[in-house]
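Asker: pasting the sequence and the predicted coordinates here, then a few questions.
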Amino acid sequence: MNVRFEHVTLTYNNGVEVLHDMDFELPDGELIALLGPSGGGKSTTLNLVSGLLRATTGKIFFGDDEVTEKDALQRGVGMVFQNYALYPHMTVLENIVFPMKMAKVTKDVRNERARALAKLVRVDDQLNKKPGALSGGQQQRVAIARALAKNPSVLLLDEPLSNLDARLRVEMREEIRRIQQATGVTTIFVTHDQSEAMHVADKIMVLNDGVIQQFDSPQSLYQNPQNQFVARFIGEPVINEVPATALREHLVLPATAVTVGIRPEAIKSPVMDAPVLPVTAERIQAFGRDRQATLRLGDYRLVTTEIIEAVDQVSLDRTGVYAFNAAGERLPIDWDGKRA
Amino acid sequence: MQSKKILVYILLVLGALTMLLPFFWMVSTAFKTGFEALQTPPTWLPKHFQWGNWVRAWQAAPFATYLINSVVVSLATTLGQLVTSILAAFAFAKLNFSGKKVLFTILLATMMVPGEMLIIPNFVTLSELHLVNTYGALIVPWLASFFAVFTLRQSFASVPDQLYYAARLDGASDWQFLWRVLVPNAKSTITAIGLLQIIGSWNSFMWPLIVTNTEKMRTLPVGLQAFSSDSGVQYPELMAASTFVILPMVVMYLLLNKYVVAGISNTGIKG
């Protein structure tokens, strides 16, 4: 089911508008991440999709049906809550069966389907345990199975990985990907961890202050950030930000440029035909496959992942250098322009 | 460490003995003769066990009728009170309605009103309704208890709201959420409340005494009065009757003991 928002806003009772003019379409059958810092509006957006919150203005469509005024049940969404919200007094099987029981699916059918789902999410050996006896990852799997039990129009996951430890988090994000592809259900998940979103999502919506900053594939978010916020939020190590004034003597920058963002891997050993910056090496670290060097350009530090020995000059790879104006908007850089 | 533990156990044993002593004394006295019961110094155990006391006690009043009345009244008030308090507690814990806080505060304030003050107004109301000397008089005033509502509300409120949303998304109505999710999770609290109420109702004396005026409607505690006579109280028979009056409650408490403890000490579930 594709999901479409038309000029949706949300204002709380105290008059504060928390989401501003949301206008987007989520394609059918994809895994979509809502990414942003706390308070950015990502969980709120998810709740607008689910129907647990009502839009103040604007329209929401599931496929061709307008669902703006419909509640969560009528929209048929499946949801996995941050703390999983499994029924503590029911076994795993009873938990998965519950939505089908409410929908008056016959006993044989619902038990069979619950077992198939348990198998899909790999908890079929835990069917008679209570949630309290399961690990966090297993509870998560059961919660996904329960959400899938009613053939949801859309599967929504609110911070699905935040309660898991680091290793399990990597495992579960791959699992979510696998389960999503096996079922083909349009899936939206909320996260504040950019690497989580980058690794599994087909498309990522970056939200900040209730505004969509950019809605794009992970690759284009990284390579083609539309503003300073996105450039800063996506990427590890974090993008280098240098005032434009410090670079004007080396690069031709737009007149209104205030800040230049340089991706760590765009700072390379000097090559021909590329702009060159004079630097001094401050620190070079290597651990395992990871390399990281800190260079100085005048008063500013630059972090790079490409330099492994002390250098006094570096080249910039133009695909990883972005200029932003005072409002944080991206400006085009004229790489062939002559220095003034 | 070890000696500290021994000291704790000694104190616990002393406490337990203190609590048990009246029960022991009751049973022991029930087997004594009237003379021996009042003897000084008192005897711990009867010299000769007077089994006849029990037969006389049972025959002294229509205890079978009293027993039936007590069972009916206790069960009806307890079940009724559980239903009303479960519904009210759900509303206070999980629903939003205007005036919720004000209503809750007013009801909380009613807990400060001493029960004795309600006897006369309740009696007047019931007599206007022509309910005096009926099961109605014995049951209706106890069908709602704010103490039960309050305790249950705390227990329901500790169930995370996300569970409520999850149930709504799973297609459960408020009604289904209440009975299929909240109530099973508050089982120990509900059992504790029910048990406290059934014991309270079983033991209640003043109210049944006031609103009943025939033997046919009396309950067991009121029936114990039959042992007071002009010549004084017949303690052995009174104690024998007391023993069979409290026996059902003791048995029930022993069976459901773990729920009471769990319900009082733990009013939440893990999130």
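Answerer: Good, I have the coordinates. For clarity, every value in this text was computed on a predicted model and none was experimentally measured. Numbers count the residues shown, from 1 in each chain, chains lettered A, B, ... in the order given.
Asker: now do the SS call for the closest residue to residue A:117 other than its chain neighbours.
Answerer: Leaving aside its sequence neighbours, residue A:117 sits nearest to residue A:145 (Cβ to Cβ, 6 or more residues apart in numbering or on different chains; 4.2 Å). From N, CA and C alone the C-beta is placed, and that goes for glycine too. Counting by DSSP: H, G, I helix; E, B strand; the rest coil, the backbone at residue A:145 sits in helix.
Asker: residue A:257 too?
Answerer: From three-state DSSP, the assignment for residue A:257 is coil.
Asker: check the gap between it and residue A:32 for me.
Answerer: The spacing between residue A:257 and residue A:32, counted by Cβ to Cβ, to the nearest Å, is 32 Å.
Asker: number of nearby residues for residue 251?
Answerer: Picked chain A for this. 20 (other Cβ atoms under 10 Å in any protein chain shown).
Asker: wrong one, chain B
Answerer: 10.
Asker: now do the one 10 residues further on
Answerer: A total of 12 residues lie near residue B:261 under the criterion other Cβ under 10 Å.
Asker: and the pLDDT for it?
Answerer: Looking at residue B:261, its pLDDT is 71.
Asker: now residue A:138
Answerer: pLDDT, read off for residue A:138, is 91.
Asker: what does residue A:319 give?
Answerer: So residue A:319 comes in at 88 (pLDDT).
Asker: and it, that one's in a strand?
Answerer: No. Applying three-state DSSP, one finds residue A:319 to be helix, outside a strand.
Asker: what about it, how many residues close to it?
Answerer: Neighbours around residue A:319, by other Cβ under 10 Å: 11.
Asker: residue A:296 now?
Answerer: 14.
Asker: shouldn't it be within a helix?
Answerer: No. Counting by three-state DSSP, residue A:296 is not part of a helix but strand.
Asker: list the contacts of it.
Answerer: By Cβ atoms under 8 Å, 6 or more residues apart in numbering or on different chains, the residues touching residue A:296 are A:279, A:280, A:281, A:282, A:302.
Asker: what residues of the longest helix anywhere in chain A count as buried?
Answerer: Secondary structure assigned by DSSP state H gives helix A:166-183 as the longest helix of chain A. Neighbour counts over helix A:166-183 (16 or more other Cβ atoms under 10 Å in any protein chain shown) mark A:168, A:169, A:172, A:173, A:175, A:176, A:177, A:179, A:180, A:183 as buried.
Asker: so what's the residue nearest to the second one when sequence neighbours are not counted scoring on pLDDT?
Answerer: Setting aside the residues directly before and after it, residue A:169 is nearest to residue A:161 in space (Cβ to Cβ, 6+ apart), at 4.6 Å. Here the pLDDT value assigned to residue A:161 is 86.
Asker: give me the number of residues near residue A:161?
Answerer: 24.
Asker: what of residue B:247?
Answerer: Residue B:247, neighbours per other Cβ under 10 Å, totals 10.
Asker: please compute how far the helix or strand harbouring it lies from its chain's middle.
Answerer: Per DSSP states H and E, residue B:247 falls inside helix B:235-265. Here helix B:235-265 is found 10 Å from its chain centre; the criterion is Cα atoms, centre = their mean, to the nearest Å.
Asker: counting by contacts, list what it packs against.
Answerer: helix B:2-30, helix B:34-37, helix B:52-60, helix B:187-203, helix B:220-223 (3 or more Cβ pairs under 8 Å, 6 or more residues apart in numbering or on different chains; DSSP states H and E).
Asker: ok, residue A:9 touching residue A:21?
Answerer: Yes. Between residue A:9 and residue A:21 a contact is recorded at 6.0 Å, counting by Cβ atoms under 8 Å.
Asker: ok, residue 258 - how many residues close by?
Answerer: I'll assume chain A. 17.
Asker: switch to chain B, please.
Answerer: Residue B:258: 10 surrounding residues under other Cβ under 10 Å.
Asker: quick check: it vs residue B:187, distance?
Answerer: 11 Å.
Asker: not counting its neighbours along the chain, what's nearest residue B:177?
Answerer: Residue B:177 sits nearest to residue B:167 (Cβ to Cβ, 6+ apart), 4.3 Å away.
Asker: for residue B:121, see how far away residue B:217 is.
Answerer: For residue B:217, the distance to residue B:121 equals 21 Å [Cβ to Cβ].
Asker: quick one: which of those two has more around it?
Answerer: residue B:217 (20 against 9).
Asker: surely the more buried one meets residue B:138?
Answerer: Yes. Counting by Cβ under 8 Å, residue B:217 touches residue B:138, with 7.3 Å between them.
Asker: mind listing the shared neighbours of these two?
Answerer: residue B:69.
Asker: mind listing the helices for the stretch 151-300 of chain A?
Answerer: According to DSSP state H, counting those that start in this stretch, the stretch 151-300 of chain A carries its helices in the segments A:166-183, A:194-200, A:218-223, A:228-233.
Asker: quick one on the thing from earlier: distance of the residue nearest to residue A:117 relative to residue A:93?
Answerer: 10 Å.
Asker: mind listing the shared neighbours of those two?
Answerer: In contact with both residue A:145 and residue A:93: A:114, A:118, using Cβ under 8 Å, 6+ apart.
Asker: residues contacting residue A:46?
Answerer: A:34, A:156, A:158, A:188, A:190.
Asker: hang on, the first one packs against residue A:191?
Answerer: Yes. Here residue A:34 reaches residue A:191: they are 7.4 Å apart, a contact under Cβ under 8 Å.
Asker: ok, those two, which is more surrounded?
Answerer: More crowded of residue A:34 and residue A:191, by other Cβ under 10 Å: residue A:34, with 30 against 23.
Asker: continuing past the one helix or strand that one maps to, what's the next helix or strand?
Answerer: Counting by DSSP H and E, the element that carries residue A:34 is strand A:31-35. Counting by DSSP H and E, the element after strand A:31-35 in chain order, helix or strand, is helix A:42-50.
Asker: in that next one, what counts as buried?
Answerer: In helix A:42-50, counting by 16+ other Cβ under 10 Å, buried: A:42, A:43, A:44, A:45, A:46, A:47, A:48, A:49, A:50.
Asker: and stretch A:66-85, by the same measure?
Answerer: For stretch A:66-85, by 16+ other Cβ under 10 Å, it's A:67-68, A:72-73, A:75-85.
Asker: what do you get for stretch B:77-93?
Answerer: B:77-78, B:80-82, B:85-86, B:88-93.
Asker: which ones, among these, also lie beside chain A?
Answerer: Among these, no residue lies close to chain A (Cβ under 8 Å from any Cβ of the partner chain).
Asker: okay, and which of those map to helices?
Answerer: Going by DSSP H, the helices hold B:77-78, B:80-82, B:85-86, B:88-93 from the buried residues of stretch B:77-93.
Asker: okay if I get the residues you listed as a markdown table plus pLDDT?
Answerer: Output for these, formatted as a markdown table (pLDDT from 0 to 100):
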| residue | pLDDT |
| --- | --- |
| B:77 | 95 |
| B:78 | 95 |
| B:80 | 95 |
| B:81 | 95 |
| B:82 | 95 |
| B:85 | 95 |
| B:86 | 96 |
| B:88 | 95 |
| B:89 | 95 |
| B:90 | 95 |
| B:91 | 94 |
| B:92 | 94 |
| B:93 | 92 |
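Asker: residue A:3 - nearest residue in space that isn't next to it in sequence?
Answerer: residue A:26 (4.3 Å).
Asker: shouldn't the one you found be in contact with residue A:34?
Answerer: No. Using Cβ under 8 Å, residue A:26 is not in contact with residue A:34; the gap is 10.0 Å.
Asker: okay, and the common contacts of the two?
Answerer: residue A:188.
Asker: need the three-state assignment for the residue in the stretch 1-150 of chain B positioned nearest to chain A.
Answerer: For the stretch 1-150 of chain B and chain A, the shortest gap (Cβ to the nearest Cβ) falls at residue B:96, measuring 12.2 Å. Three-state assignment for residue B:96 (three-state DSSP): coil.
Asker: and it, how many neighbours?
Answerer: 6.
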